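Colleague: Return a 3D structure for these sequence lines:
(one chain, ligands or ions: 4)
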Amino acid sequence: MSEEIIWKKTHCARMDHGGCALLVGVKDNRIVSIKGDPDGFLNQGYICPKGALSGERLNHPSRLRRPLRRAGARGEGKWQPISWEEALGTIAENLRAIREKHGARAVAFGVGMPKGLDHFFQIRLANLFGSPNVVASQDVCHAPREITGIHTCGFYPVVDLHHKSALVVLWGSNITSTNEEGEINSLLMRQLKEGTDLIVIDPRRIDLVSKAKMWLRLRPGTDAALALAFLNVIIEEGLYDREFVEKWTHGFPDLARHVRDYTPEKMAGVTWVPADDIRRAARAYAAAKPAALQWGNPIEHNIHTFDATRALICLMAVTGNLDVPGGNVEARDPKIMGLGPFVRADLIPEKRKEMISAYHGIIPRLMTVSPAYFRKAVLEGVPYPVRGFYAMCSNPMLSYADSELTYKALTSLDFFAISDVFMTPSAALADIVLPAATSFEYDDIGHYGIGHGYILARPQVVEPPEECWPDPKIINELGKLMTPPELWHDDWRRFLDDLLAPAGLTYGEFCQRGYLKGPDIPRGYEAKGFKTPTTKVELVLSVAEKFRLKPLPSFDGFPEAEDDSYPLLLTSAKSRYYLHSSYRWIERLRKLRPEPLVEIHPETAKGLGISEGDEVLIETPRGGIIQKARLCEGIDPRVVCAAHGWWFPEGDPATQYEWRRSNFNMLTSVERLGKEYATPNLKALPCRIRKL
Ligand SMILES: Nc1nc2c(c(=O)[nH]1)N[C@H]1C(S)=C(S)[C@@H](COP(=O)(O)OP(=O)(O)OC[C@H]3O[C@@H](n4cnc5c(=O)[nH]c(N)nc54)[C@H](O)[C@@H]3O)O[C@H]1N2
Ligand SMILES: Nc1nc2c(c(=O)[nH]1)N[C@H]1C(S)=C(S)[C@@H](COP(=O)(O)OP(=O)(O)OC[C@H]3O[C@@H](n4cnc5c(=O)[nH]c(N)nc54)[C@H](O)[C@@H]3O)O[C@H]1N2
Ligand code: SF4
Ligand SMILES: [Mo]
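Modeller: Numbers count the residues shown, from 1 in each chain. Ligands and ions are numbered 1, 2, ... in the order given. Okay, here's the model as predicted:
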């Protein structure tokens, strides 16, 4: 046994979207310490509590270590360990049988939040298998901003925290907890120290409100209304960037006429933000040069997400903040293999027409199937039956809206297999469960394919448990059994070199560098215009009629009708100690947040006889769950904010670890969906609470 700690460099992953460069201390193939790497491109030494404890995932006694075959009834919690050969053979045999009987599209492939290259391996597997159906949570995560961006201005406008902004607006983004898509909060903190102004738009007093010049405490679900009111002020008061608007936008006069109706006075009634505050914030955003808008998940968590994202991009454009350093930019990829060739999109040319969501008239360019339509296909055979499912890195029982519906769908499949690092409520319903190796245990690449213009090296630092396989290896081997074997490698790691070949680097050389970034090309549109049909930013969408989209963003009412029996508004926020449904089994994280907490204003709590720490029942017309009351002044008295992602790994396996008890998605439904992305309402739900 050696005594010495060896420090290895890699990047954090699978605790959020990832991004922090890490120094990982390893002794005898065990991680003994993790620190933020001061040389980190994104984090400059920063590390969050989850990242610091992420090594604890690897050695948990109950981690999945053998492939398992279901031994009792579905969900009963009885398993028989089997060999990899048998596990992969069973999966391939069952999925091939479904393909023969119902066609390849009757098998769906599931992914969760993009965690690493595994995500793109899985899409490649689906494509090679011949199925157009990759099921993902994109309906509530980034597709609205990315794809609305592509339709409106030809690219996904990402916040540029790498260049100095005069003002940053956190529009529903709790960046000190979530650091989404590698927007590591240390980049913003440095700017704030150097004098950048901050505006926070959030129904709760998030940490950064203490550093903000303004905090708009809006009513959940009214982001589109607020953005339209900003546009009203900026256009009515002539604060827009005339030159940019004239030269580079399409439909400004129509937008100007259209937003006249959205006065701050009218929208104050809707958004709960006083008219004067709307004016002051809109003026500040228009005056600051440049101003960056970091938008968050809530904008994508209701049926009006297309309007909200459209309105926000119009806002960036008319103020001249689009594609300027320190604003919202088109991030350009380094010279690496593109997504299309990596996933072999060419082999499935009819995907767009064949995928389940095509039948539902989804917005063009959204290439994954929303969970709502996936379950409809499984349960109702609409537009055609789906009978098999192979999922990885995902826990649908917790992450899809309406968990009872998910339960029905997963238990009615002919065959369901999943890979995970731990037994979950979803894995508990599978026929075969595969034990995955995870980050730190294999060579991976971070941030590929998510539109931020860089990739991060995530080299392996320890060996995985003997029978835990990296997802790319699982997929590579499954691929050989059920798709043309010549399209896979003997050793899956060769895909890493393929991906980097255009950059003239091997994976090893890439790891030496740590990351690769594409070029900054400010105002790239000046060369050839914007990549839209009109070559301009389309304030009015030129393809609206063709694609049956709304030409102009509007506010069409609250996501859910008001209801006197449910007088409070329920929203949610991610926990800084967990990733969605993951890792409640890591003891040191669990100690930091042992139970699900619902935030309630003290006045509201008093009126309901609720005290700090009481168990409360939270109810929507859909169902009820139990969480513990946490009183906080910083939330609007009309709003409560419950925790998302809770199940109990210590619970009874025969109830699939109590996924009904505290799971937010027992309260959500897919009865109402946004037309463009099939997004359900996850936030802004009328609710009531009472002490138990
Ligand atoms: N009500 C409500 N619903 C939501 C949201 C919300 O805010 N509110 N958020 C939505 C959003 S933004 C997203 S992105 C989705 C996320 O939904 P999911 O991606 O389904 O959820 P996670 O908990 O991130 O990950 C699921 C599983 O991945 C496993 N895992 C971790 N590492 C590995 C690995 O290396 N290999 C394998 N095979 N498995 C691994 C974890 O153990 C975990 O069980 O949820 C969405 N659902
Ligand atoms: N710690 C941690 N980090 C994560 C994740 C995680 O699960 N845990 N998940 C990752 C993923 S997949 C994603 S997509 C990102 C998401 O990261 P964020 O975009 O930050 O998402 P949330 O925490 O859901 O919501 C952010 C804020 O929106 C506020 N909010 C609630 N309702 C509304 C509303 O209607 N309008 C507005 N304007 N604000 C509202 C909440 O109070 C909260 O402070 O985080 C990533 N990072
Ligand atoms: S902020 Fe994200 S990437 Fe950074 S250490 Fe925490 S979990 Fe990892
Ligand atoms: Mo997400």
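Colleague: Tell me how far H360 lies from A143.
Modeller: 14 Å (Cβ to Cβ, to the nearest Å). C-beta here means a position set from N, CA and C on the backbone, and glycine is covered the same way.
Colleague: Between these two, point out the one with more neighbours.
Modeller: A143 (27 against 17; other Cβ atoms under 10 Å).
Colleague: Contact partners for that one?
Modeller: Taking Cβ atoms under 8 Å, 6 or more residues apart in numbering as the definition of contact, the neighbours of A143 are E300, L366, T368, Y677.
Colleague: Which residue is it, in the stretch 51-200 of the chain, that comes closest to ligand 3?
Modeller: G51 (2.2 Å; Cβ to the nearest ligand atom).
Colleague: Leaving out the residues flanking it, which one is nearest to that residue?
Modeller: Among residues not flanking G51 along the chain, C12 sits closest, at 4.6 Å (Cβ to Cβ, 6 or more residues apart in numbering).
Colleague: Would you agree E463 is in contact with D28?
Modeller: No - under the criterion of Cβ atoms under 8 Å, E463 makes no contact with D28, lying 10.7 Å away.
Colleague: what residue ranges in the protein are flagged as low confidence?
Modeller: Residues of the chain meeting the criterion pLDDT under 70: 1-2.
Colleague: ok, the contacts of A143 vs R69, which is closest?
Modeller: Proximity of those to R69, judged by Cβ to Cβ, is greatest for T368, which lies at 29.0 Å.
Colleague: quick one: that closest one and V134 touch, right?
Modeller: Yes - taking contacts as Cβ under 8 Å, T368 lies within contact range of V134: 5.0 Å.
Colleague: Give me the common contacts of the two.
Modeller: In the contact map built from Cβ under 8 Å, 6+ apart, the residues linked to both T368 and V134 are V111.
Colleague: what's the spatially most central residue of the chain in contact with, if anything?
Modeller: Among the residues of the chain, C141 comes closest to the average C-alpha position under Cα atoms, centre = their mean, at 3.8 Å. Contacts for C141 (Cβ under 8 Å, 6+ apart) come out as M113, N297, E300.
Colleague: which of those has the most neighbours?
Modeller: Across these, neighbour numbers were computed from other Cβ under 10 Å; E300 holds the maximum, 28 neighbours.
Colleague: residues in contact with Y525?
Modeller: Contact partners of Y525, counting by Cβ under 8 Å, 6+ apart, are G154, W248, D323.
Colleague: same check, this time on V134
Modeller: By Cβ under 8 Å, 6+ apart, the neighbours of V134 are A108, F109, G110, V111, Q122, I123, A126, M367, T368, V369.
Colleague: Also D37?
Modeller: D37 is in contact with K9, C20, A21, L22, L23, N43, G45, counting by Cβ under 8 Å, 6+ apart.
Colleague: Quick one: buried ones out of the residues you listed?
Modeller: Buried residues within the contacts of D37, defined by neighbour count using 16 or more other Cβ atoms under 10 Å: K9, C20, A21, L22, L23, N43.
Colleague: which of these are close to ligand 3?
Modeller: Among the buried ones among the contacts of D37, the residues lying close to ligand 3 (Cβ under 6 Å from any ligand atom) are C20, N43.
Colleague: Dump the contacts of D37 into TSV; add secondary structure and distance to G518 as well.
Modeller: TSV is the format used below for the contacts of D37 (DSSP: H, G, I helix; E, B strand; the rest coil; distance: Cβ to Cβ, whole Å):
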residue	secondary structure	distance to G518
K9	strand	22
C20	coil	20
A21	strand	18
L22	strand	23
L23	strand	26
N43	coil	19
G45	coil	24
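Colleague: Name the member of the contacts of A143 that has the highest neighbour count.
Modeller: With neighbours taken as other Cβ under 10 Å, the top of the contacts of A143 is E300, carrying 28 neighbours.
Colleague: Surely it and E146 touch.
Modeller: No - if you go by Cβ under 8 Å, E300 and E146 don't touch, sitting 10.1 Å apart.
Colleague: Next, show the common contact partners of these two.
Modeller: Counting by Cβ under 8 Å, 6+ apart, E300 and E146 have no shared contacts at all.
Colleague: I'd like to know which elements whichever helix in the chain runs longest is packed against.
Modeller: Once the chain is assigned using DSSP state H, the helix that runs over the most residues is helix 84-102. Here helix 84-102 is seen to pack against strand 68-70, strand 107-110, strand 388-392, strand 415-420, strand 432-435, helix 471-482 when contacts are counted using 3 or more Cβ pairs under 8 Å, 6 or more residues apart in numbering; DSSP states H and E.
Colleague: could you redo these as a markdown table and give each row mean neighbour count?
Modeller: Output for the helices and strands packed on helix 84-102, formatted as a markdown table (neighbours: other Cβ atoms under 10 Å):
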| stretch | mean neighbour count |
| --- | --- |
| strand 68-70 | 19 |
| strand 107-110 | 26 |
| strand 388-392 | 25 |
| strand 415-420 | 26 |
| strand 432-435 | 25 |
| helix 471-482 | 22 |
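Colleague: Export the ones you listed as CSV, with columns for distance to ligand 2.
Modeller: Output for those, formatted as CSV (distance: least, Cβ to the nearest ligand atom, whole Å):
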stretch, distance to ligand 2
strand 68-70, 26
strand 107-110, 15
strand 388-392, 16
strand 415-420, 16
strand 432-435, 23
helix 471-482, 17
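Colleague: Just send the ones you listed back as TSV, with distance to P203 too.
Modeller: Shown next, in TSV, are the helices and strands packed on helix 84-102 (distance: least, Cβ to Cβ, whole Å):
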stretch	distance to P203
strand 68-70	43
strand 107-110	32
strand 388-392	33
strand 415-420	33
strand 432-435	39
helix 471-482	37
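Colleague: And the contacts of the strand ranked longest in the chain?
Modeller: In the chain, assigned by DSSP state E, the strand with the most residues is strand 623-631. Outside of strand 623-631, the residues within contact range by Cβ under 8 Å, 6+ apart are 404, 595-602, 605, 610-618, 642-643, 646, 660-664, 666-667, 691-692.
Colleague: among the residues you listed, which ones are buried?
Modeller: Using 16+ other Cβ under 10 Å as the burial test, the contacts of strand 623-631 include 595-601, 605, 610, 614, 616, 618, 642-643, 646, 660-664, 666-667 as buried.
Colleague: These in strands, which ones?
Modeller: With strands taken from DSSP E, the overlap with these comprises L597, V598, E599, I600, V616, I618, A642, A643.
Colleague: between these, which is closest to ligand 2?
Modeller: Among those, E599 lies closest to ligand 2 (Cβ to the nearest ligand atom), at 8.7 Å.
Colleague: And the closest one, how close does it get to R205?
Modeller: Applying Cβ to Cβ, the value for E599 to R205 is 10 Å.
Colleague: where do the contact lists of those two overlap?
Modeller: With contacts taken as Cβ under 8 Å, 6+ apart, the residues that reach both E599 and R205 are C632, I635.
Colleague: can you pull out the helices in the stretch 51-200 of the chain?
Modeller: 84-102, 118-129, 143-153, 175-178, 185-193 (DSSP state H, counting those that start in this stretch).
Colleague: no, scratch that, I was asking about the stretch 501-650 of the chain
Modeller: Shown for the stretch 501-650 of the chain, the helices assigned by DSSP H, counting those that start in this stretch span residues 507-513, 525-528, 544-547, 587-592, 602-607.
Colleague: quick one: the closest residue to P383 other than its chain neighbours from ligand 4, how far?
Modeller: Using Cβ to Cβ, 6+ apart and skipping residues adjacent in sequence, the residue nearest P383 is Y359, 3.6 Å away. Between Y359 and ligand 4 the distance, using Cβ to the ion, to the nearest Å, works out to 25 Å.
Colleague: P602 too?
Modeller: Looking at P602 against ligand 4, where the rule is Cβ to the ion, the gap reads 31 Å.
Colleague: Excluding chain neighbours, what is closest to that residue?
Modeller: For P602, the nearest residue in space outside its immediate sequence neighbours is L631; the separation is 4.6 Å by Cβ to Cβ, 6+ apart.
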